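Colleague: below are the sequence and a predicted model; questions follow.
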Amino acid sequence: MNGRSMRTAILVLAIAALVVAAGGCASTNMRSQVSPDFPGEPYERVLVWIDLDDTMLVQSAEDYLVEELEDIGVDAVAQYTVFFGEKEYSFKDRKRELNERGIDAVLTLVLTDAGATRHRIPPSRYTVSRRNPYTGRVHHSTRWTGGGVDVNAWADFKAELLDRESGEIVWRALAKTSGDASVGRVAFLQSVSREIAGSLRKDGIVATK
């Protein structure tokens, strides 16, 4: 298993091992930067390309990111709807396909690292006092409550926007997504997708509504 496959497997196992609850959510911290090579005209049609070995995970992730981009008015397309996974494409073939579909930029997302941390939470102690109604004596007893293990899953991502014509990277972002034991992998993908869309809109790199 290569490094990318291992990171994908770690992400899937780390998140899938958590208990999925309806109220769970993930949070993402992101830093983005616009390249000085950005031509200045916002891109209007973007291809979303997520690089993972798990085909089903790729399709879900691309769908989430496309949905977030469309919500802010970006005309976005998932790459799995354009390129067949098992077919080999030359650079020339890919560029021709993008040209024919009117795509002027490619947004890539790569998982760079992932894992889970465990933190032991000690139980808290409290005292219960009771008075014997017959003797009048007060009895004290110690009780324990809480405690356990807090599990936190995390994943690091790198996103880049490439100009179709020049192939140059015109925008880049690094993100860290994390969540506790109530979070599933869907929430992870939705969280990082939401932040990417927000950052692209804030940086003025794509045409939005």
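Modeller: Arrived safely.

Colleague: quick check: bridge partners of the residue nearest to D63 when sequence neighbours are not counted?
Modeller: Among residues not flanking D63 along the chain, A78 sits closest, at 6.1 Å (CB to CB, 6 or more residues apart in numbering). Every residue, glycine included, has its C-beta placed from N, CA and C. Assessed by DSSP bridges, A78 has beta-bridge partners V48.

Colleague: wouldn't A78 be in contact with Q59 here?
Modeller: Yes: here A78 reaches Q59: they are 7.3 Å apart, a contact under CB atoms under 8 Å.

Colleague: when the two are compared, which one has more neighbours?
Modeller: Comparing A78 with Q59 by other CB atoms under 10 Å, the one with more neighbours is A78, at 20 against 17.

Colleague: contacting residues for that one?
Modeller: Counting by CB atoms under 8 Å, 6 or more residues apart in numbering, A78 touches L47, V48, Q59, E62, D63, L65, V66.

Colleague: quick check: the gap between it and H139.
Modeller: 67 Å (CB to CB, to the nearest Å).

Colleague: residue contacts, V82?
Modeller: L47, E97, R101.

Colleague: list just the nearest of the residues you listed to S178.
Modeller: L47 (28.1 Å; CB to CB).

Colleague: that closest one contacts D104, doesn't it?
Modeller: No: L47 is beyond contact range of D104, at 9.2 Å (criterion: CB under 8 Å).

Colleague: give me the helices and strands touching the longest helix along the chain, please.
Modeller: Determined from DSSP state H, the single longest helix within the chain is helix 185-203. In terms of contacts (3 or more CB pairs under 8 Å, 6 or more residues apart in numbering; DSSP states H and E), helix 185-203 is packed against helix 3-16, strand 27-34, helix 55-71, strand 105-121, strand 148-163, strand 169-179.

Colleague: looking at those, which is closest to A197?
Modeller: Among these, helix 55-71 sits nearest to A197 (CB to CB), with 3.9 Å.

Colleague: if we can go back for a sec, closest to R201 out of the contacts of A78?
Modeller: L65 (13.3 Å).

Colleague: R131 versus that closest one, what's the distance?
Modeller: 64 Å.

Colleague: comparing the two, which shows the higher neighbour count?
Modeller: Counting neighbours by other CB under 10 Å for L65 and for R131 shows that L65 has the greater number, 26 against 10.
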